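Trainee: Fold the following.
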Amino acid sequence: MKFWSAREEQAAQYLVDRALEEDLDAAGDLTTQALIPDQATGKARWLARQAGVICGLPIVELVWRRLSVAVKASWHVQDGDSVPAEAILGEIRGPTSAILTAERTILNFLQRLSGIATLTRKFVEAVHGTSCAILDTRKTTPGWRILEKYAVRCGGGHNHRLGLYDGILIKDNHLAVLAEHGVSLKEAVRRVRERFGQRLPVEIEADSLDQLTAAIRAGADIVLLDNMDVLTLRQAVALRNEIAPHVLLEASGGITLANVRAVAETGVDRISIGALTHSAPALDIALDFAGRD
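Mentor: Next up, the predicted model:
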């Protein structure tokens, strides 16, 4: 599957275990136990009720491993594929009880991750033809970050740092604390370089042109332009081009599908959007039972 690795597999397995624990507890699926014969088998189809980008299919197999190895799935799509409304994504066959018990857990994963991939694709398509990349942020559902960032990639976006552990971003509150201690921005960058060398790019947040200039002169590799309007972003790009063309500019804050194209056309190199993960609506996907197998 596209972009799926051992990291995603481990994160998904953990979440699948937690999801089944909260849904089944020790007693299991009481309704299915009471109504469905153990020996019953059936078949069902996964259906996308609205157009979107599919994401999360590898997780389906992890759910089946926990409930019944007798369930067999076949897919007509793969993660990252765009599908029209009413598209049949695939079929499953096996013990009816396992299919019914797994339904909601699987849909929760597919709907959430496909929603993120779908929204990301809309932003990526909105800036098509520019040189600007669409990035996510750390504004993710606790525990779901690896999978949500996987969904962003399936939608054609790019990942910002995964966490605090794999990137340097000196934000406004860092700057406030540094000022309290009399530490200059240039000294802060020197300290980072001394500790980590050149292996990690240094990104600094700026919310004005003066702060942009200061960040560039301090040695930033990337400057995060926070909540700047389009006119100011154009001025920021012109300033960067004049004094440090190698520095990347990242726009963030207040980005919507209505304005992302205008932001990209200012000449910024990247746009980071928290809404990709914190506000993506779930894609409407259903499981339709299709009778006995």
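Trainee: Name the SS class of Gly267, please.
Mentor: coil (DSSP: H, G, I helix; E, B strand; the rest coil).
Trainee: so where's the stretch 151-293 of the chain uncertain?
Mentor: Within the stretch 151-293 of the chain, the segments meeting pLDDT under 70 span 293.
Trainee: And Leu15, how far from Asp229?
Mentor: Distance, Leu15 to Asp229, by Cβ to Cβ, to the nearest Å: 39 Å. C-beta here means a position set from N, CA and C on the backbone, and glycine is covered the same way.
Trainee: Between these two, which has more neighbouring residues?
Mentor: Each of Leu15 and Asp229 has its neighbours counted (other Cβ atoms under 10 Å); Leu15 has more, 20 against 13.
Trainee: The more buried one contacts Gly143, doesn't it?
Mentor: Yes: applying Cβ atoms under 8 Å as the test, Leu15 and Gly143 come out as touching, 6.6 Å apart.
Trainee: residue contacts, Ile134?
Mentor: Applying Cβ atoms under 8 Å, 6 or more residues apart in numbering to Ile134 gives the contacts Thr120, Phe123, Val124, Val127, Gly156, Gly157, His158, Val260, Arg270, Ile271, Ile273, Leu276.
Trainee: quick one: it and Ser5, what's the gap?
Mentor: Distance from Ile134 to Ser5, counting by Cβ to Cβ: 21 Å.
Trainee: Same question for Leu107.
Mentor: Counting by Cβ to Cβ, the gap from Leu107 to Ser5 is 24 Å.
Trainee: Which stretches in the stretch 151-293 of the chain count as strands?
Mentor: For the stretch 151-293 of the chain, the strands defined by DSSP state E, counting those that start in this stretch cover 168-170, 202-206, 222-226, 248-252, 270-272, 285-292.
Trainee: what angle sits between the fourth one and strand 202-206?
Mentor: Taking axes from the mean of the first three to the mean of the last three Cα atoms, to 10 degrees, one finds that strand 248-252 is oriented at 50 degrees with respect to strand 202-206.
Trainee: what's next to strand 248-252, contact-wise?
Mentor: With Cβ under 8 Å, 6+ apart, strand 248-252 has contacts from 135, 137, 203, 221-228, 233, 236-237, 240, 263, 266-274.
Trainee: Output the longest helix belonging to this structure.
Mentor: Secondary structure of the chain per DSSP state H: the longest helix is helix 96-126.
Trainee: So which bits of it are buried?
Mentor: For helix 96-126, the neighbour count (16 or more other Cβ atoms under 10 Å) marks 96-103, 105-124, 126 as buried.
Trainee: Tell me which helix or strand comes right after that helix.
Mentor: Downstream of helix 96-126, the first helix or strand assigned by DSSP states H and E is strand 133-135.
Trainee: picking that back up, now the contacts of Ile134: which count as buried?
Mentor: Buried members of those, counted by 16+ other Cβ under 10 Å: Thr120, Phe123, Val124, Val127, Gly156, Gly157, Val260, Arg270, Ile271, Ile273, Leu276.
Trainee: Surely the third one and Arg153 touch.
Mentor: Okay, so that is Val124. No: contact criterion Cβ under 8 Å: Val124 and Arg153 do not qualify, at 10.8 Å.
Trainee: Show me the domain layout of the protein.
Mentor: Structural domains annotated on the chain: 6-124+280-292, 167-273, as defined by automatic domain parsing.
Trainee: pLDDT at the most centrally placed residue in the chain, what is it?
Mentor: Nearest to the geometric centre of the chain sits Lys149, at 3.0 Å (Cα atoms, centre = their mean). At Lys149, the model reports a pLDDT of 98.
Trainee: Measure how far stretch 203-220 is from the centre of its chain, please.
Mentor: Centroid separation between stretch 203-220 and its chain, computed with Cα atoms, centre = their mean, to the nearest Å, is 27 Å.
Trainee: first to last residue in it, what's the distance?
Mentor: In stretch 203-220, first residue to last residue: 6 Å (Cα to Cα, to the nearest Å).
Trainee: do stretch 38-58 as well
Mentor: By Cα to Cα, the extent of stretch 38-58 from end to end equals 26 Å.
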